[in-house]
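**Q** Turn this into a model:
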Amino acid sequence: MSKEDEAMARTEIMEGFAAVMNAIDVAYRKLDDRITQEVGGLRTEMRAGFAQVDRRLARLDDRVSALENRTASLEDRVGGLGRDMSFVKTHLGITES
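**A** You can find the predicted model right below:
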């Protein structure tokens, strides 16, 4: 093989290698773009899911607050009934033994 043929073969090999490297680089960029899109989509779905959970927890918190208010109101009424019963017993002269 002459030096010219050898130089030509090396050039062709280097060009082929460069073409393969470019193809790998293009494939890598496409894959990276696809991964970025998928991750972005998943993040969007997760945020929407978390927002929905937050809304449900807020509604649940409102319901618990309403129940606590009702319970406090009932406790006030029961306490008032206890005072009323004590007054009635005292008025009637009933003593507890």
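**Q** in this protein, which spans are helices?
**A** For the chain, the helices defined by DSSP state H cover 3-92.
**Q** any weak-confidence spans in it?
**A** For the chain, applying pLDDT under 70 flags the ranges 1, 97.
**Q** ok, residue 12 - how many residues close by?
**A** When counting by other Cβ atoms under 10 Å, one arrives at 10 neighbours for residue 12. In this view, the C-beta of every residue, glycine as well, is placed from N, C-alpha and C.
**Q** quick one, what contacts it?
**A** For residue 12, no contacting residues are found, by Cβ atoms under 8 Å, 6 or more residues apart in numbering.
**Q** What distance do you get for it to residue 19?
**A** For residue 12, the distance to residue 19 equals 10 Å [Cβ to Cβ, to the nearest Å].
**Q** likewise residue 80?
**A** 91 Å.
**Q** same thing with residue 40?
**A** 32 Å.
**Q** before we move on, what about residue 44?
**A** Taking Cβ to Cβ, one finds residue 44 at 38 Å from residue 19.
**Q** CA atoms only for stretch 47-67 - export them in CSV, please.
**A** C-alpha atoms of stretch 47-67 as CSV (Å, rounded to 0.1, in the frame of the first residue of the first chain):
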residue,chain,number,x,y,z
ARG,A,47,-48.3,19.2,40.2
ALA,A,48,-51.9,18.8,39.1
GLY,A,49,-52.2,15.7,41.3
PHE,A,50,-50.7,17.5,44.3
ALA,A,51,-53.0,20.5,43.6
GLN,A,52,-56.0,18.2,43.6
VAL,A,53,-54.9,16.6,46.9
ASP,A,54,-54.4,20.1,48.4
ARG,A,55,-57.9,21.1,47.4
ARG,A,56,-59.3,17.9,48.9
LEU,A,57,-57.4,18.4,52.1
ALA,A,58,-58.6,22.0,52.3
ARG,A,59,-62.2,20.7,52.0
LEU,A,60,-61.6,18.1,54.6
ASP,A,61,-60.1,20.7,56.9
ASP,A,62,-63.2,22.9,56.4
ARG,A,63,-65.4,19.9,57.3
VAL,A,64,-63.4,19.1,60.4
SER,A,65,-63.5,22.7,61.5
ALA,A,66,-67.3,22.7,61.1
LEU,A,67,-67.5,19.5,63.1
